[in-house]
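# Sequence and predicted structure below; questions after.
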Amino acid sequence: MKIFMTGGTGFVGSHLTEKLVGSGHSVTLLTRSVRAGKRLPAGAEFLEGDPVKAGPWQEKVLEHDAVINLAGASIFTVWTAKNRQMILDSRVLTTRNIVDALADASGRNIALISGSAVGYYGGRKDDMVLNEQSPPGNDFLTEVSLNWEGEAHRAENFGVRVVITRFGIVLGKGGGAFEKMLPAFKKCLGSSLGSGKQWFSWIHLEDLCNIIAFLLERNIAGPFNCTAPHPVTNKELTHTLADVLGCPVFMPPVPGFMLKALLGEFGDVVLKGQRVVPRRLLDEGFQFQFATLREALEDLTVK
Ligand SMILES: NC(=O)c1ccc[n+]([C@@H]2O[C@H](COP(=O)([O-])OP(=O)(O)OC[C@H]3O[C@@H](n4cnc5c(N)ncnc54)[C@H](OP(=O)(O)O)[C@@H]3O)[C@@H](O)[C@H]2O)c1
């Protein structure tokens, strides 16, 4: 399959690209720059262009059988007005430009696998189990996800099969949340955040890449929660990681007010969560390699 990808130089995209290339697909990565020193996944072709802006890169999209759309500025930052706009634009405008490029896709049997996140369901403090039928939340990340998904759905008008992937927190080596947590936990300085009761819906990077390959190959559409079947609370995450590393939790929980003072509105994201389950993937028979957090963390902490 010929695949066009945005965000393919990132933590998820680079691993996914290498996996897809390894299984015989050809992948074209749209990147804002291929400057020397940037870590680029092996085996892909690179196309320079800014996905946020319309440009000549759009003419290449229809030369492919599928588009995987993962571009997005990091949300792990202080949410100033400027950063919020960048978080939104880097997803919504990218998706708009991709979909505009698919306008002549009719009769071509093209698939668009487009990113989203469990933030769709909003930051919550309850224990409600959320599946793809659950309603959206009511905060900034919900607004981002709704707009991001809304742009992708426009491609259905052009006969494109649109799949929305609502990622949980991706746990993998070499980036993301796991790399941020590991140094403190290795020094036995890990602790839970706030009450520790907030839910943490996670996915092992390997399973996430297998899910995307699974969604590419099946004739299914619509939203899919890309999370492991067993989400955990923040307290369970803390104690499982400490246990797997053999470092007991000595530190008291980080008070919520401190996180909010340090991180502003983003602090709220780590103090709230969502208990998300991959209902549709389970119904479709997807087999998770890492269904429990302990299995995932044991794999990720093997040297
Ligand atoms: N990692 C997670 O835990 C997680 C959880 C939920 C959802 N997601 C979503 O999944 C996607 C991939 O995540 P990731 O962790 O792989 O992200 P990442 O490592 O930060 O990579 C993001 C990619 O987006 C592009 N990008 C960054 N800033 C941009 C901007 N301002 N305008 C246009 N493109 C920009 C970059 O491509 P170039 O620099 O090559 O142009 C980069 O390859 C993101 O959309 C993220 O929101 C991730």
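Received the coordinates, thanks.
# List the buried residues for stretch 118-132?
118, 119, 120, 121, 122, 123, 124, 130, 132 (16 or more other Cβ atoms under 10 Å). In this view, the C-beta of every residue, glycine as well, is placed from N, C-alpha and C.
# And the closest residue to the fifth one other than its chain neighbours, how far from residue 194?
With Cβ to Cβ, 6 or more residues apart in numbering as the criterion, residue 122 has its nearest non-adjacent residue at 1.2 Å, and that residue is residue 137. With distances taken as Cβ to Cβ, to the nearest Å, residue 137 is found 18 Å from residue 194.
# try residue 113
For residue 113, the distance to residue 194 equals 34 Å [Cβ to Cβ].
# repeat for residue 227
From residue 227 over to residue 194 (counting by Cβ to Cβ), the distance is 21 Å.
# Those two - which one has more neighbours?
Comparing residue 227 with residue 194 by neighbour count (other Cβ atoms under 10 Å), the higher total belongs to residue 227, at 29 against 22.
# May I have the phi/psi pair for the closest residue to that one other than its chain neighbours?
The shortest distance from residue 227 to any non-neighbouring residue, by Cβ to Cβ, 6+ apart, is to residue 168 (3.5 Å). Main-chain torsions, residue 168, degrees, to the nearest 10: phi -80, psi -170.
# can you pull the contacts of residue 168?
Shown in contact with residue 168 (Cβ atoms under 8 Å, 6 or more residues apart in numbering): 117, 118, 201, 202, 203, 225, 226, 227, 228, 231, 276.
# Just the closest of those to residue 25, please.
residue 226 (19.1 Å; Cβ to Cβ).
# The closest one is in contact with residue 164, isn't it?
No - using Cβ atoms under 8 Å as the test, residue 226 is too far from residue 164 to be in contact (9.7 Å).
# and the two? which has more neighbours close in?
Of the pair residue 226 and residue 164, residue 226 is the one with more neighbours under other Cβ under 10 Å, namely 28 against 25.
# and that one, backbone torsions?
Taking degrees, to the nearest 10 as the convention, residue 226 sits at phi -100, psi 80.
# Which residues does it form beta bridges with?
Legend: beta-bridge partners of residue 226 under DSSP bridges are residue 167.
# Please report how far residue 2 lies from residue 187.
46 Å.
# Actually, residue 219.
Relative to residue 187, residue 219 is positioned 49 Å away (Cβ to Cβ).
# okay, those two: which has more neighbours?
With neighbours defined as other Cβ under 10 Å, residue 219 and residue 187 compare such that residue 187 has more, 10 against 7.
# how much space between the more buried one and residue 300?
17 Å.
# likewise residue 282?
Distance from residue 282 to residue 300, by Cβ to Cβ: 23 Å.
# These two: which is more packed in?
residue 300 (19 against 14).
# isn't that one right up against residue 178?
Yes - using Cβ under 8 Å, residue 300 makes contact with residue 178 at a distance of 6.0 Å.
# Distance check, the residue in the stretch 51-200 of the chain that the ligand sits nearest to against residue 55.
Using Cβ to the nearest ligand atom, residue 72 is the residue of the stretch 51-200 of the chain that sits closest to the ligand, at 2.8 Å. Note on residue 72: its distance to residue 55, by Cβ to Cβ, is 18 Å.
# These two: which has the busier surroundings?
The neighbour count for residue 72 versus residue 55, taken as other Cβ under 10 Å, is higher for residue 72 (24 against 14).
# if I pick that one, what's in contact with it?
7, 87, 90, 91, 94, 115.
# if I've got this straight, the last one is in a helix?
No - assignment of residue 115 by DSSP: H, G, I helix; E, B strand; the rest coil gives strand, placing it outside any helix.
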